[in-house]
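J.: Build me a model:
(2 chains)
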Amino acid sequence: MVSSESRESEADDRGSREIVVPMRVYKTVTVFSTLLAMVGAILGFALLDSATNRATAELSEVNVALAVAGLASILLGAGVYAFATRFRAEGMGNAKDGDDEGSHNG
Amino acid sequence: MSLEKKDEHDHRAWMEERDLTPVEKTFLVSLMWLDQRFRIVDYLELLENLYYKSNLQMPKSHTEQYNLDNKFWYWYPLYSLGFFSTIAYVVAAVSGALLGFYYSPATAGETAAAYEQVVYIMTDLNFGYMLRSIHRWSAQVMTAAVFLHMLRVYFTGAYKEPRELNWLIGIVLISLTMVFGYTGYLLPWNQLSFWAGQIGVEMALSVPLIGEWAAQLLFGGFTLGQPTLQRMYILHVFFLPFVVTALIAIHIGIVWMQGIAEPH
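T.: This is a model prediction of the structure:
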């Protein structure tokens, strides 16, 4: 909470953290975290596939280490992606909060 | 380009004034490390630049003026359906040209030569199954995309003055797309093709006054045979490609000149 203009540590209703970074860094975060998430998920599924012989292996024949590695890779990819969502560029809000009209539902 | 480096992401000073946890700092530093080695973002920025400098911008001003941006942005993907159709058309053209090396529009033989060639493509030719599948799928995708493109143009009012002419060209294009599909559908000369052809002949014959003439012209007779397949083939690989390609060029040229319509 060093600078007041950045909205870091500011929590919305769900208590999620937002950190304002320069635009160029925001692009870096978006591009590379998405890439890492994709690689993690695809690699994870490939590992799971090979560990379970495309989900056809008997339970006893499953390569546990490889399967766990696959799951970990998927989780890591998802984690990187989720973690990256806390970074925002200057002047960027959450799209759902940017509306100046109220919802007409109900 | 100046010699001075001005990448703002190289100046880590801003990081010090942020209250970052060690994990966040590590995360940012590693991604920035990757960024400096694999400069994907730079290339994406080139594309971004190109996008804004070309005439293909999204119609923003109108939505901004009436403060509709928050309501309208989720329709933007539908503004790419025309381009999507064009891509599908190009893919179909390339794969179709390759298929043309192996196909022969002949009904001669115990089993029709045309059908034999399609079987050959599907079973013996290296990558033949893939090639024909790509052709078929791109055709299906083009038909669907063209139809959805028409819906988008209609519901955003993009057909209105001064774009009436392009709307009419679009109607011609969607019709020719379906003729493209139909003629291609008959080429394998299997049961599906043959009876689809029979339906076509009878539809033509059902037209008052000019029915018989139309059936003769399009199908080369009132029963299906070599003349039918020949005509479908020439329509599919010679006549329609020229006409449709020219019309697409005009269609896109007019969009280029007039700009993309503001939503009405």
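
J.: Can you name the element that comes right after the helix or strand hosting B:Val141?
T.: Per DSSP states H and E: B:Val141 is located in helix B:128-155. Proceeding N to C from helix B:128-155, the next assigned helix or strand is helix B:164-186, under DSSP H and E.

J.: Surely A:Thr56 is within a helix?
T.: No - using DSSP: H, G, I helix; E, B strand; the rest coil, the secondary structure at A:Thr56 is coil, not a helix.

J.: So what's the residue count around it?
T.: Applying other CB atoms under 10 Å in any protein chain shown, we find 7 residues neighbouring A:Thr56. Just so you know, the C-beta spots here come from the backbone N, C-alpha and C atoms, and that holds for glycine as well.

J.: From A:Ser50, how far out is it?
T.: 12 Å (CB to CB, to the nearest Å).

J.: Spatially nearest residue to residue 35, not counting backbone neighbours?
T.: Picked chain A for this. Nearest non-adjacent residue to A:Leu35, counting by CB to CB, 6 or more residues apart in numbering or on different chains: B:Ile40, 7.6 Å away.

J.: oops, I was thinking of chain B
T.: A:Thr28 (4.2 Å).

J.: Can you name every helix or strand that the one helix or strand the one you found maps to contacts?
T.: Take DSSP H and E as the rule and A:Thr28 turns out to sit in helix A:23-51. The helices and strands touching helix A:23-51, judged by 3 or more CB pairs under 8 Å, 6 or more residues apart in numbering or on different chains; DSSP states H and E, are helix A:64-84, strand A:87-89, helix B:22-37, helix B:40-53.

J.: looking at those, which is buried most?
T.: strand A:87-89 (a mean of 19; mean count of other CB atoms under 10 Å in any protein chain shown).

J.: in its sheet, what does it sit against?
T.: strand A:17-21 (parallel) (DSSP bridges).

J.: If you compare the directions of the strand it pairs with and helix A:23-51, what angle comes out?
T.: Strand A:17-21 runs at 120 degrees relative to helix A:23-51, counting by axes from the mean of the first three to the mean of the last three CA atoms, to 10 degrees.

J.: For strand A:17-21, output the C-alpha coordinates as CSV.
T.: Coordinates of each C-alpha in strand A:17-21 appear next as CSV, following Å, rounded to 0.1, in the frame of the first residue of the first chain:
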residue,chain,number,x,y,z
ARG,A,17,-6.3,-8.9,-5.5
GLU,A,18,-5.7,-6.5,-8.3
ILE,A,19,-2.3,-5.1,-9.3
VAL,A,20,-1.9,-2.4,-11.9
VAL,A,21,1.1,-2.9,-14.2
